[in-house]
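1. Okay, here's the prediction I keep looking at, along with the sequence it came from:
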Amino acid sequence: MAKRDLSNKVAIVTGAGSGLGRAMTLALSECGAKVAGVDVNVDGMRETSDLVRGSFTPIKTDITSVSDAGNAISTTIKDLGGLHVLINCAGLGMPTLRVDYWNNRLYFWEADPDKWQRLMDVNVRGAFLMARAAAPYLVEQKWGRIVNVTTSMNTMIRGGNMPYGQSKASLEAASNAWADDLKDTGVTCNVLVPGGAADTPMVPHESPYERENLVQPVVMGPPACWLASDDSNGINSMRFLARNWNPDVPDADNVENAGSPAAWPDLADAASVGQPATVHGKDIPR
Amino acid sequence: MEDKNINLTNKVAIVAGGGGGMGRSIALALIEKGAKVAIFDIRKENVSAVVKEAETISGLENCIPLVKDITKFEDCLSGVQETIDAFNSANILINAAGLGMSTLKNDYWNDNLKFWDADIDRFNMLMNVNWNGPFLLTKSVVPHMIREGWGRIVNVTTSLDTMTNRGYTPYGPSKAALEAATSIWAKDLENTGVTANVLVPGGPVNTDFIPENAPFDRSKLTQPEVMQAPACWLASNLSDGITDMRFVARSWNSENSIDEAIKNSGGPCAWPDVGKKAFKPV
């Protein structure tokens, strides 16, 4: 399929210094987007910069800092002439709590509170701080994208996976809520996941996986570029599994094959059966 | 029903958020059934009031106040220690402490808070109470439960639709995190005799989560007392082996047998079936 033309788009990718963030940065810039890379990892962003064949502006940012996050958004708008797409990809994994977690299970009560907090701050609060700084500009512009990278639904609740799982559950719920807050604004919010453990630094090299059997980060590129383009106008509150995305078939087929609603709306509908929706004609807050 | 047979005389519960709302309601019910209860809450006057109420039910010395901040690990650790010092155990934890959307916007029910308008300090405050709190307190007490070979963690989350509702950042996402955490904890606790389950009211509740000036007929809201019967059952030996589940309190019918009540109000915790449709990691 022809390469998507993103030459009129400016994108911010958090976590651009490694893994999935780097892969999406390379793909977006190759399609002509101007990409601002956001990461605390300056060395990683330098490596990304070396690989990019297009426009790339690294902005060293701690997304858990309110002022850093705000600065990343305003600097991008000022220096790159606008903002259209925010990809919240930065995240910490279980190795930040236990390096050999895959064969030495971290039971939740062993989790160090400070490391627990750091992971939750990066994975949820960071995404929120970036999104809240970007949203007013995007809404004003009447066009924009927020793409949150979460994880497989079963990974969110797998034993030995706290706090990573719960952080991604929270971001998944937030994505759905944000999509609803953004309804009819021209700005959308969707989830993009690789569709399995990916070949990134989050899965340490000491782990017993054959690297080539892991999902390769490059799969994130085509759906990320589609989400960043006008071709995904109106697509909101969905989640996409990148490894089910086939660049050789029409977008509509990919939406069908790789897409599903974000979060757990079917369960939510089932759970709310029989609950009164209104009292005195007012919606009941839930 | 078998409800009447529930006897909690050997049980010691810590009820976080026990100073009001659902926490208070659960605490008083546990005491009624003979449990010893520590009321863990930052609201000093509320705690004193509940301890006083408890005295009228079962006399002195079955209820202690823990006026503490659930977002501070040292408060959680000392709260657990004071409970064990007073009652020789701590084998039930009810995580009912939580902040609602009115923390961020008093009239949120008729004017949705857009996520980008959320005040950062209040966002942090809510998240700290709703997700750090249960983790820190559970981390503090669980090693003791495992040593005893018996224990209960009961987390109060919210309806699955509320987690993703418009205008519900950060309340919804905070509860999604706790829901996922409960499911992970249940698995981490396999074969320890300690269980982890979710208990939700099943709709908006007549507590101070719904501000005084809200235009609702409060009698039509779910009443906090619906939490009592399923909470007492979860706290008892009758729920041995039940873990990684969620129970909707308003669907718990005390007229029925416990098996019927479980069937009508229980389901798996979180979203395991949604997960089955996703790819398994390699």
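-> Thanks, I have the structure now.

2. Give me the nearest residue to whichever residue of the stretch 1-150 of chain B sits closest to chain A, chain neighbours excluded.
-> Nearest to chain A, among the residues of the stretch 1-150 of chain B, is B:W116, at 3.8 Å (Cβ to the nearest Cβ). All C-beta spots, glycine's among them, are computed from the backbone N, C-alpha and C. Leaving out its chain neighbours, the residue that sits closest to B:W116 by Cβ to Cβ, 6 or more residues apart in numbering or on different chains is A:A135, at 3.8 Å.

3. What parts of the stretch 1-150 of chain A come near chain B?
-> A:66, A:105, A:107-109, A:111, A:113, A:116-117, A:120, A:124-125, A:128-129, A:131-133, A:135-136, A:139 (Cβ under 8 Å from any Cβ of the partner chain).

4. and these, which of them are in helices?
-> Here DSSP state H is the test, and the residues of the stretch 1-150 of chain A next to chain B give A:66, A:113, A:116-117, A:120, A:128-129, A:131-133, A:135-136, A:139 as lying in helices.

5. For the residues you listed, could you give me JSON lines that also reports neighbour count, distance to B:N91 and pLDDT?
-> Converted to JSON lines, those look like this (neighbours: other Cβ atoms under 10 Å in any protein chain shown; distance: Cβ to Cβ, whole Å; pLDDT from 0 to 100):
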{"residue": "A:V66", "neighbour count": "16", "distance to B:N91": "41", "pLDDT": "97"}
{"residue": "A:P113", "neighbour count": "15", "distance to B:N91": "23", "pLDDT": "97"}
{"residue": "A:W116", "neighbour count": "22", "distance to B:N91": "24", "pLDDT": "97"}
{"residue": "A:Q117", "neighbour count": "20", "distance to B:N91": "27", "pLDDT": "97"}
{"residue": "A:M120", "neighbour count": "24", "distance to B:N91": "28", "pLDDT": "97"}
{"residue": "A:F128", "neighbour count": "28", "distance to B:N91": "36", "pLDDT": "98"}
{"residue": "A:L129", "neighbour count": "26", "distance to B:N91": "40", "pLDDT": "98"}
{"residue": "A:A131", "neighbour count": "25", "distance to B:N91": "41", "pLDDT": "98"}
{"residue": "A:R132", "neighbour count": "22", "distance to B:N91": "42", "pLDDT": "97"}
{"residue": "A:A133", "neighbour count": "23", "distance to B:N91": "46", "pLDDT": "98"}
{"residue": "A:A135", "neighbour count": "24", "distance to B:N91": "46", "pLDDT": "98"}
{"residue": "A:P136", "neighbour count": "13", "distance to B:N91": "49", "pLDDT": "98"}
{"residue": "A:V139", "neighbour count": "17", "distance to B:N91": "50", "pLDDT": "98"}
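
6. Report the two of those separated the most.
-> A:P113 and A:V139 (36.5 Å; Cβ to Cβ).

7. What separation is there between A:T48 and A:A72?
-> Distance of A:T48 to A:A72, computed by Cβ to Cβ, to the nearest Å: 15 Å.

8. for B:D107, same thing?
-> Distance from B:D107 to A:A72, by Cβ to Cβ: 32 Å.

9. higher neighbour count, these two?
-> Legend: neighbour count by other Cβ atoms under 10 Å in any protein chain shown for B:D107 and A:A72, higher for A:A72 (27 against 13).

10. tell me the contacts of residue 162?
-> In the absence of a named chain, this looks at chain A. A:106, A:108, A:111, A:116, B:181, B:184-185, B:188 (Cβ atoms under 8 Å, 6 or more residues apart in numbering or on different chains).

11. To clarify, I was referring to chain B.
-> So B:T162 contacts A:286, B:168, B:171-172, B:175 (Cβ under 8 Å, 6+ apart).

12. What segments of the chain are strands?
-> Going with chain A. Ranges of strands in chain A, per DSSP state E, are A:10-14, A:34-39, A:56-60, A:85-88, A:144-148, A:187-193, A:238-241, A:259-261, A:278-279, A:282-283.

13. That was the other one, I meant chain B.
-> B:12-16, B:36-41, B:63-67, B:92-95, B:151-155, B:194-200, B:245-248, B:266-268.

14. in the last one, what counts as buried?
-> Buried positions in strand B:266-268, judged by neighbour count with 16 or more other Cβ atoms under 10 Å in any protein chain shown: B:266-267.

15. Show me what that strand is in contact with.
-> B:242, B:244-248.

16. Can you tell me which of the residues you listed is closest to chain A?
-> Using Cβ to the nearest Cβ, the contacts of strand B:266-268 come closest to chain A at B:V248, 7.2 Å.

17. still on that earlier bit, now, the most widely separated pair of the contacts of strand B:266-268?
-> B:D244 and B:V248 (15.6 Å).
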